[in-house]
Structures are given as structure tokens and as C-alpha cells.
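*Asks:* my questions concern the predicted model and sequence given below.
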Amino acid sequence: MSQERLGATAAVEALAQQMRPRPKVWRIAANFCIQKPLGGFGVIVTVILIIVAVFAPQIAPYDPLRAYTSLVFASPGASDETEDPPIKLWMGGDRLGRDVLSRMVYGARVSLYVAVASVLAGVTVGALIGITTAYFGGAIDLIGQRFVDALMAVPGLIIALVLLSVLGSADAGGGFMGLAGLEKVILAISVGFIPGTARTIRSQALRVKEGDFVLAARAVGARDWRIILRHIAPNCFAAYLIIFTISMGWAVITEATLSFLGLGIPPDFPSWGGMLTGATETYTSVAPWLGVFPGVAIITVVLAWNFLGDSLRDVLDPRMRGTG
């Protein structure tokens with residue numbers, strides 16, 4: 001009788017657990033920000049960046065390509081009352097009199113798009129290579145890892161420079177926001193993320209594939225790709241998410257570096273790296289704020305995404321829990 005009561009009690013507790021409302025997304029995010037303040041800073045910066053990028057036409061006060069000849073190298077806060085309506089450049093004007101604030105806002109679009117697209121492509125391909133080679137092993141693992149070793153022998157920036165030299169840099173006309181060649185920049189940056197991701201995810205997949213649930217799936221006759229997609233890949237998702245977040249900061253730096261070297265976004269189109277290029281070539285002593293604002297934006301975004309990645313690692317990696 002006591003066993004029946006215990007069974008009934010356990011059933012009631014299980015039912016109550018199932019009926020208990022799940023925490024909402026905003027509550028989970030709030031708890032994460034409280035537990036990890038630096039990660040919360042990363043979340044806030046990311047949300048602000050997404051809002052600015054999505055609503056750039058509504059946020060930017062002026063056309064980023066329009067030149068005001070009366071405000072060439074205008075200092076922050078300068079205004080021109082002769083225009084109809086009067087204009088005020090809160091971050092000053094560049095060498096052509098274009099509004100730096102508006103170019104910063106539209107530059108967030110390019111930085112976010114390049115970061116998300118290049119990291120999504122590179123990290124996903126690297127994860128697939130790592131999981132596949134770890135699961136099948138043998139000759140597939142040997143060939144795959146030699147390919148990864150070859151890529152790791154060359155820095156990602158050098159790979160991007162070589163690819164852009166072969167494919168050609170981004171040219172204006174068509175494509176995303178009028179940039180047909182932006183896909184070339186994304187491809188060049190994404191290749192650099194493949195080897196490191198493949199090596200990291202492979203080590204995770206080697207541990208996961210020896211689990212009892214994988215052996216049970218094999219025992220019941222599950223196919224290889226079903227095991228990979230349904231059992232191994234989900235257990236590597238935490239590592240994938242951490243690599244994805246941290247790599248976005250490196251993608252922004254790489255895009256800015258390529259633009260600085262003249263192989264990235266066309267100079268007339270607003271991008272943070274391109275704005276740094278124009279600021280440091282000739283006009284640093286004349287208008288230092290032209291390099292300060294995009295430089296601060298790049299540093300803030302990169303630090304935010306690195307803090308976010310570190311915090312996610314502490315939360316999602318069981319080995320890191322209770323440390324720091």
C-alpha cells in the first residue's frame with residue numbers, strides 16, 4: 001500500500017512539474033544579465049546594434065551619402081542654418097561634408113550583416129566538418145583534419161586577402177544595400193573561421209559519440225546521418241553558440257581591416273572600417289573625431305560580443321559552472 005502511495009505521489013509531482021509554467025524568455029535573459037553582468041553588457045549592446053541596423057533609415061537624421069559643402073570637416077555639434085530645414089551634425093562632418101552620425105548608423109548595418117553572415121557560414125561549415133570527421137573516423141577523419149591543418153597554418157586575415165585578391169574586392173551596384181561584391185567579403189572572412197571551429201567541435205563530438213545514447217541509437221538501427229543530426233549535433237550546440245558569439249567580434253575586426261586596406265567595402269559607402277580608413281589617411285590632425293567615433297564603435301561591439309561569448313561559455317559548459 002505504501003508503494004502505491006509513493007507511486008501516486010511521484011505521479012502527482014511529475015504532473016505538477018509538467019504543468020508548472022516555463023520561464024519566459026525575458027525572465028531568462030534578465031537572470032542571465034544579473035548573474036553575468038559582462039554578459040548582460042554584451043546582450044544590451046547586441047540589442048542596440050540590431051535596433052540601429054534594422055531601423056537605420058528612421059534613426060539616421062540625414063542621408064549618409066549627401067554632402068554639405070558648408071560643413072566640410074565640421075566639428076561635432078556644428079550646424080548650418082542656411083539649409084532648409086536647418087541641419088545640425090552631432091558627430092561632425094567628413095571630408096565631403098557628410099553627416100558622420102548618419103554614416104555611423106548605416107555602417108552598423110554593414111558590420112552586423114557581415115558579422116552574422118560570415119560567422120554563420122564559416123562556423124556552420126566548420127562544425128559540420130568537425131562532427132562528420134569525428135563520427136566516421138578513419139580515412140574521412142584523416143583527410144578532413146589534414147585539410148583543417150592546412151587552413152590553420154595560414155592566418156585568417158591572409159586567407160581573406162588572398163581570396164579577395166583573386167575574386168576582386170566589393171564593387172558598388174546591386175546586391176545587399178547596393179553592394180554586389182559584399183558577398184565576396186563575406187566569403188573571404190568566413191573561410192578563416194572554418195579550421196578553428198572544426199577542431200573545437202570535433203573534440204566535443206568525439207566525446208559525445210561515445211555516449212550510451214549514441215550506442216543505443218546504433219543498436220536500434222538508426223542511420224548515421226540521423227544519429228549525427230538528432231543526437232551528436234544538438235549536444236555540440238553549446239560549443240557552437242559560444243564560438244559563434246566570439247567569432248562575430250573577429251568578423252567585425254576583419255571587415256574593418258579589409259576596408260582599411262582598400263579591399264573591403266567601397267570607400268563612398270558607409271562602413272566603420274571605411275570611415276577609419278578615410279580618417280587615418282590624411283585627416284587625423286585636421287578632424288580627429290572622424291576616426292574616434294568608428295573606432296569606439298568597433299571596440300565596444302567587439303568587447304561586448306567577447307564578454308557575451310565568455311558568459312555563455314560559463315553558463316552552458318558544465319565544466320565551467322561554479323567557477324569565476
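*Replies:* Arrived safely.

*Asks:* for the nearest residue to residue 297 once chain neighbours are set aside, grab phi and psi.
*Replies:* Nearest non-adjacent residue to residue 297, counting by Cβ to Cβ, 6 or more residues apart in numbering: residue 272, 5.6 Å away. All C-beta spots, glycine's among them, are computed from the backbone N, C-alpha and C. Backbone torsions for residue 272, taken as degrees, to the nearest 10, come to phi -60, psi -40.

*Asks:* what is the burial count for residue 272?
*Replies:* 26 (other Cβ atoms under 10 Å).

*Asks:* which residue ranges form the strands in the chain?
*Replies:* 78-80, 87-89, 172-176, 179 (DSSP state E).

*Asks:* may I see the buried residues of the first one?
*Replies:* Going by neighbour count (16 or more other Cβ atoms under 10 Å), the buried part of strand 78-80 is 78, 80.

*Asks:* mind checking how far residue 187 is from residue 32?
*Replies:* With distances taken as Cβ to Cβ, to the nearest Å, residue 187 is found 33 Å from residue 32.

*Asks:* cool, residue 75 as well?
*Replies:* As judged by Cβ to Cβ, residue 75 and residue 32 stand 41 Å apart.

*Asks:* so between those two, which is more surrounded?
*Replies:* More neighbours surround residue 32 than the other of residue 75 and residue 32, with 16 against 12 (other Cβ under 10 Å).

*Asks:* OK, contacts around the nearest residue to the more buried one once chain neighbours are set aside?
*Replies:* Using Cβ to Cβ, 6+ apart and skipping residues adjacent in sequence, the residue nearest residue 32 is residue 39, 6.2 Å away. Residue 39 sits next to 32-33, 307-308, 310-312, 315 when contact means Cβ atoms under 8 Å, 6 or more residues apart in numbering.

*Asks:* so which of the residues you listed are in helices?
*Replies:* Those of the contacts of residue 39 mapping onto helices are 32-33, 307-308, 310-312, 315, per DSSP state H.

*Asks:* low-confidence stretches in the chain?
*Replies:* For the chain, applying pLDDT under 70 flags the ranges 1-26, 28-29, 168-181, 267, 277-285, 317-324.

*Asks:* have a look at it and report its longest helix.
*Replies:* For the chain, the helix with the greatest residue count under DSSP H is helix 100-136.

*Asks:* mind listing what's buried in that one?
*Replies:* Using 16+ other Cβ under 10 Å as the test for burial, helix 100-136 gives 100-135.

*Asks:* quick one on the thing from earlier: out of the ones in helices among the contacts of residue 39, which is nearest to residue 139?
*Replies:* Comparing the ones in helices among the contacts of residue 39 against residue 139 with Cβ to Cβ picks out residue 312 as the nearest, at 35.1 Å.

*Asks:* tell me the contacts of the nearest residue to the closest one once chain neighbours are set aside?
*Replies:* Of all residues beyond its chain neighbours, the one nearest residue 312 is residue 242 (5.2 Å), with distances taken as Cβ to Cβ, 6+ apart. By Cβ under 8 Å, 6+ apart, the contact set of residue 242 is 309, 312-313, 316-317.

*Asks:* filter the residues you listed down to the buried ones, ChimeraX style.
*Replies:* In ChimeraX, a selection of the buried entries from the contacts of residue 242 looks like this (16+ other Cβ under 10 Å):
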select :309,312,313
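
*Asks:* distance of residue 32 from residue 116?
*Replies:* In this view, residue 32 and residue 116 are 21 Å apart by Cβ to Cβ.

*Asks:* and for residue 242?
*Replies:* When distance is defined by Cβ to Cβ, residue 242 is 16 Å away from residue 116.

*Asks:* ok, now residue 302?
*Replies:* Using Cβ to Cβ, residue 302 is found at 14 Å from residue 116.

*Asks:* residue 51 now?
*Replies:* Taken as Cβ to Cβ, the span from residue 51 to residue 116 is 15 Å.
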